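Participant: no sequence for this one, just the structure:
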């Protein structure tokens, strides 16, 4: 009698364990797919931010101020441009020096850090030849699928060295 009872009891237990394993595996796969998507998106945002900075700096003619997390420069058109991180946005302010019209552009690029370094170091601003831009994009923890209750973020890094063609040409004319 005990043998018959075991024969009827064991198959449903095995089926139940298989169902639990399938659901856990499905949850894990869904979590890893979302995390991979977020990692790819953060890499795209960091590359996008560094590309925007490079394109904006093509017209830099004179560097006014350079700090570790912001840069102010004048363009060849007489526009003063300020680039910095505000929260998790890349903010670019352009002020026409003649009309004093201001344009503010915010790029939602999920930045958690932004750093500008002039090369060569230790020289006056008019002798800087390159700007090294280092930035980090970091996802919002609320965008993750959290099955285990862990708070996670996806981070990506981008670094770019920008040659200041107009600044170099202006310093050679002096």
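Facilitator: Nice, I can see it. Keep in mind that this is a model prediction, so the values were computed, not measured. Numbering: from 1, shown residues only.
Participant: rest of the way, CA atoms for contacts and neighbours
Facilitator: Will do.
Participant: please enumerate the helices of this protein.
Facilitator: Assigned helices in the chain, in chain order: 2-56, 165-173 (criterion: DSSP state H).
Participant: who's in contact with stretch 86-106?
Facilitator: 49, 78-85, 107-112 (Cα atoms under 8 Å, 6 or more residues apart in numbering).
Participant: pull up the distance across that stretch, start to finish.
Facilitator: With Cα to Cα, to the nearest Å as the measure, stretch 86-106 spans 9 Å from end to end.
Participant: off-centre distance for that stretch?
Facilitator: When distances are taken as Cα atoms, centre = their mean, to the nearest Å, stretch 86-106 is centred 20 Å away from the chain's centroid.
Participant: cool, stretch 111-119 as well?
Facilitator: Worked out by Cα atoms, centre = their mean, stretch 111-119 lies 11 Å from the chain centre.
Participant: report the mean per-residue pLDDT for it.
Facilitator: The pLDDT scores in stretch 111-119 average 93.
Participant: for stretch 79-98, same thing?
Facilitator: Mean predicted lDDT for stretch 79-98 stands at 94.
Participant: can you pull the buried residues of it?
Facilitator: Buried residues in stretch 79-98, counted by 16 or more other Cα atoms under 10 Å: 79-86, 88-96.
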